[in-house]
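Q: For reference, the sequence and a predicted model appear below.
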Amino acid sequence: MLSIDRSIVDAIVAHARRDHPDEACGVVAGPVGSDTPTRHIPMENAARSMTFYEFDSMEHLRVWREMDDRDEEPVVIYHSHTATEAYPSRTDISFAGEPGAHYLLVSTREPDTEEIRSFRIVDGVVTEEPVRILDAGVDPHAVQSYMFGQSPATVDYECSGR
Amino acid sequence: MAIEVRIPTILRSYTGGAKVVEGSGDTLDDLLNDLDSRHSGLRGRLVTEAGALHRFVNVYVNDEDVRFLGALDAKLNDGDSVTILPAVAGGAFGFAAAAAMAQHVAVAPAEGRTRVTAS
């Protein structure tokens, strides 16, 4: 399972929409061994293509070094498909070189619908996994709305939107 | 002559899990031969049997991509740091295009073998 903050997912989707109809790509780094994506790094698609993406080799080196220096690893590697579903293509599978990463795919084929799926790709085998989107904004709101809740045991989340 | 080589996760099965190994050589080609003598099979993941660097493996000497330094002929000096990174690439390629790309990556060695057999 991939657990990822809503704010990061929003930023990834915004990046994919911005670069549409070209494919967008990037990384979300996180502390080594944490399996927690914390730092979103949009990358340039050196291929600038509607059907292919490739990290720029110099940007790749710079970002990987920076992660090393910060004791981070690529927890999520994402890219968009702009006319097809968010499922790894044969190309994606043959090039997947980070067995520890969650491969996140975003499809921008529908302008109004978010399509996000996550996969492990190890030795050419694709395994889809659930994505749990964590809404960091919920907690502070919950405290606020607690004051308007009916009892200490009940928090009325709907009050937070008033 | 010691050259530090940083190994990506996917190739650490060849180095007993080591993230950094040391090797020697006057050129990248020499270095990869030297590494292969202790980490058998590593070279084959980086170089096609036709003798070229794989298109989708990035190798850097210090801060430079070796493609701009003569690829396998890139000169090395004592104290250099070599970094290997598998290219991050993919996309919604159609079947035919993907097959062509896979050939580009993997079939070169097979052609090399065929030529050797024929001669």
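A: Good, I have the coordinates.

Q: so how far is residue A:86 from residue A:43?
A: Taking C-beta to C-beta, to the nearest Å as the measure, residue A:43 and residue A:86 are separated by 18 Å. In short, each C-beta sits where N, CA and C put it, glycine included.

Q: how about low-confidence regions in chain B?
A: The model of chain B has pLDDT under 70 over residues B:1, B:94-119.

Q: For chain A, what's the nearest residue on it?
A: residue B:86 (2.9 Å; C-beta to the nearest C-beta).

Q: Just give me the neighbour total for the nearest residue to residue A:34 once chain neighbours are set aside.
A: Sequence neighbours aside, residue A:75 is the residue nearest to residue A:34 in space, at 7.5 Å (criterion: C-beta to C-beta, 6 or more residues apart in numbering or on different chains). Using other C-beta atoms under 10 Å in any protein chain shown, residue A:75 has 25 neighbouring residues.

Q: Mind listing the strands the helix or strand harbouring residue A:75 pairs with, and their directions?
A: According to DSSP states H and E, residue A:75 maps onto strand A:72-81. Paired neighbours of strand A:72-81 in the sheet (DSSP bridges): strand A:25-31 (antiparallel), strand A:102-107 (parallel).

Q: what distance separates it from the middle of the whole chain?
A: Counting by C-alpha atoms, centre = their mean, to the nearest Å, strand A:72-81 is centred 6 Å from the centre of its parent chain.

Q: What of stretch A:59-79?
A: Distance of stretch A:59-79 from the chain centroid (C-alpha atoms, centre = their mean) equals 14 Å.

Q: And the strands in chain B, which stretches?
A: B:3-6, B:20-23, B:57-61, B:64-65, B:81-86, B:89-90 (DSSP state E).

Q: Need the winner for burial among those strands.
A: Among these, ranked by average contacts under mean count of other C-beta atoms under 10 Å in any protein chain shown, first place goes to strand B:89-90 (a mean of 26).

Q: Not counting that one itself, show me its contacts.
A: For strand B:89-90, the surrounding residues in contact (C-beta atoms under 8 Å, 6 or more residues apart in numbering or on different chains) are A:47, A:52-55, A:79, A:88-89, A:91-92, A:95-96, B:56.

Q: Now, the residues you listed that are in strands?
A: Filtering the contacts of strand B:89-90 for strands - DSSP E - leaves A:53, A:54, A:79.

Q: Who are the contact partners of the first one?
A: By that I understand residue A:53. A:23, A:24, A:25, A:45, A:47, A:79, B:89, B:90, B:91.

Q: Please identify the buried residues of stretch B:17-36?
A: For stretch B:17-36, a neighbour-count test (16 or more other C-beta atoms under 10 Å in any protein chain shown) marks B:21, B:23, B:25, B:27, B:28, B:29, B:30, B:31, B:32, B:34, B:35, B:36 as buried.

Q: Of these, which is the nearest to residue A:120?
A: Of all the buried residues of stretch B:17-36, the one with the least separation from residue A:120 (C-beta to C-beta) is residue B:21, at 27.0 Å.

Q: wait, isn't the closest one in contact with residue B:12?
A: No: between residue B:21 and residue B:12 there is no contact under C-beta atoms under 8 Å: 9.6 Å.

Q: can you tell me if stretch B:22-34 touches chain A.
A: No: shown here: stretch B:22-34 not in contact with chain A (C-beta under 8 Å from any C-beta of the partner chain), separated by at least 15.2 Å.

Q: Tell me the spacing between the residue most central in space within chain B and residue B:55.
A: Geometric centre of chain B, nearest residue: residue B:46, 2.2 Å, by C-alpha atoms, centre = their mean. According to C-beta to C-beta, residue B:46 and residue B:55 sit 11 Å apart.

Q: wait, doesn't residue A:85 sit right on residue A:110?
A: No: applying C-beta under 8 Å as the test, residue A:85 and residue A:110 come out as separate, 10.3 Å apart.
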